[in-house]
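In: Just need the structure, nothing else, for what follows:
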Amino acid sequence: SDGPDVFTVELRRDTFSQSFGFSFGSTETGVHLVTRLSTNGRAEGLLRVGDELLSMNAVSISGASHKTAVDLAVAALTLTLTVRRPADVLNLPVSIERIQDGKVVVH
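Out: Just a heads-up that it's a prediction; the model follows:
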């Protein structure tokens, strides 16, 4: 294995009321991990649950608070993410919790 894969994803939305189509959680040490993807959302097929978000629009968020990362995302119409996909995520069967009609559906 070559170790973790790092790549860039660009997500666009037309208005601030639209969603980028993903949710993320943050550890106390400032590691930000994708926790959910919206069905048919902008991030579907680009991000996976478990991906680590390293930067948003060229601003490093590693070690930053959850609020700092959320504020960066909320302020953007175009969100360029630097993402690290751990090798073990690549090898897992894809099991993504999706919100569908208000219920969590696991595929």
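
In: Who are the contact partners of residue 78?
Out: 10-13, 57 (CB atoms under 8 Å, 6 or more residues apart in numbering). Quick note: C-beta positions are derived from backbone N, CA and C, even for glycine.

In: Look up which residues are beta-bridged to it.
Out: Beta bridges link residue 78 to residue 12 when assigned by DSSP bridges.

In: Let me know the distance separating the one residue sitting closest to the centre of the chain from residue 69.
Out: Most central in the chain under CA atoms, centre = their mean is residue 34, positioned 4.0 Å from the mean C-alpha point. Between residue 34 and residue 69 the distance is 12 Å, computed by CB to CB, to the nearest Å.

In: Now the common contact residues for these two.
Out: Both residue 34 and residue 69 are in contact with 24, 53, where contact means CB under 8 Å, 6+ apart.

In: any idea of the mean pLDDT for the helix ranked longest in the chain?
Out: The residue-count maximum for a helix in the chain (DSSP state H) belongs to helix 66-74. Averaged across helix 66-74, the pLDDT comes to 94.

In: just stretch 37-55 next, same as before
Out: Here the average pLDDT along stretch 37-55 is 93.

In: How far away from the center of its chain is that stretch?
Out: The chain centroid and the centroid of stretch 37-55 are separated by 4 Å under CA atoms, centre = their mean, to the nearest Å.

In: ok so residue 23 is a helix residue?
Out: No - assigned with DSSP: H, G, I helix; E, B strand; the rest coil, residue 23 falls outside any helix and is strand.
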